[in-house]
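A.B. asks: any chance you can model this:
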Amino acid sequence: MSSIRKLVMMLGVLLASSSVLMSCSDDDDGMMGAVPVNSVVATSSTVDVVWSIVPNDNCAGYIVSLLQGSRDGAVIETKEFDNRTCKGQFTGLQPNTEYCIKTQAKPGAGFNSADVYYREFTTSPIIDVNIVSYDAYNVNGYDSDGNPTVTKYYTINMDWPAIAESNCGGYYVAVFNCKKADWKANAAKTGQVTISKDDHGVIATSASIKGLEPGKTYTIGAYARPNSMCDYTQGDWSLTEITTPQ
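C.D. replies: Sure, this is the predicted structure:
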């Protein structure tokens, strides 16, 4: 084979190699970037997600999935949104449970694929209040005629299972002067307790509230208070109806 023919063949191989490299480069240029999640706000059963919107028509929309546990978890639900939408909601979640949001752009003109983005979160816990005991006590007073009186009251003692500090910064417990069916967050209260870390860094899981009348129906309302690591703004209320002893 002549030197000229060898040179021509070598040039042909180099051109073919250059063509393959250029194709790979084009594939890379056709990859859209990840769509970051800007915020996740959870309750005990829902999550509201807000992601960054792509400000051009090269994005054909968004694919957002809810995964169990972490980014390696099973897909629970997937929703698709148009390219002008930047928020969505998933429902039917379990309290105090880890999940993961996965976002991905739908490639538009000039793109053939897109990177994914993951955001892990935990739903808010629900406080399961347990009635430990009622302690009776008497308060001395006077009636309208100035006669001495003795009025009986109860102190209610409660506790509940601790929630890991990774998903709880404290607790709020109140005794409302109403039946559960009539409960509202702004209903009148006999007493309330807000619990945070004490001087030793401990978060108590018990409380006592006094001033309950005998034979009266009350509603205990409680919720978890978040810390800076939590993905909820306030835990959902748990409501327990009680009737004090006579």
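A.B. asks: what count of nearby residues applies to residue 98?
C.D. replies: By other C-beta atoms under 10 Å, 16 other residues sit near residue 98. Any C-beta I mention is one placed from the backbone N, CA and C, and that applies to glycine too.
A.B. asks: what's opposite it in the beta bridge?
C.D. replies: residue 122 (DSSP bridges).
A.B. asks: same thing with residue 135?
C.D. replies: In beta-bridge terms (that is, DSSP bridges), residue 135 pairs with residue 155.
A.B. asks: mind listing what it touches?
C.D. replies: 154-155, 157 (C-beta atoms under 8 Å, 6 or more residues apart in numbering).
A.B. asks: in this protein, which spans are helices?
C.D. replies: With DSSP state H, the ranges of helices along the chain come out as 3-29.
A.B. asks: which regions of it sit below the pLDDT cut-off?
C.D. replies: When residues are selected by pLDDT under 70, those of the chain lie in 1-29.
A.B. asks: apply 80 and report the result again.
C.D. replies: By pLDDT under 80, the low-scoring segments of the chain are 1-29, 56-57.
A.B. asks: centroid-nearest residue for the protein?
C.D. replies: residue 42 (2.8 Å; C-alpha atoms, centre = their mean).
A.B. asks: any idea which of the contacts of residue 135 has the most stuff around it?
C.D. replies: residue 154 (21 neighbours).
A.B. asks: so that one touches residue 133, yeah?
C.D. replies: No - at 9.5 Å, residue 154 does not count as touching residue 133 under the criterion of C-beta atoms under 8 Å.
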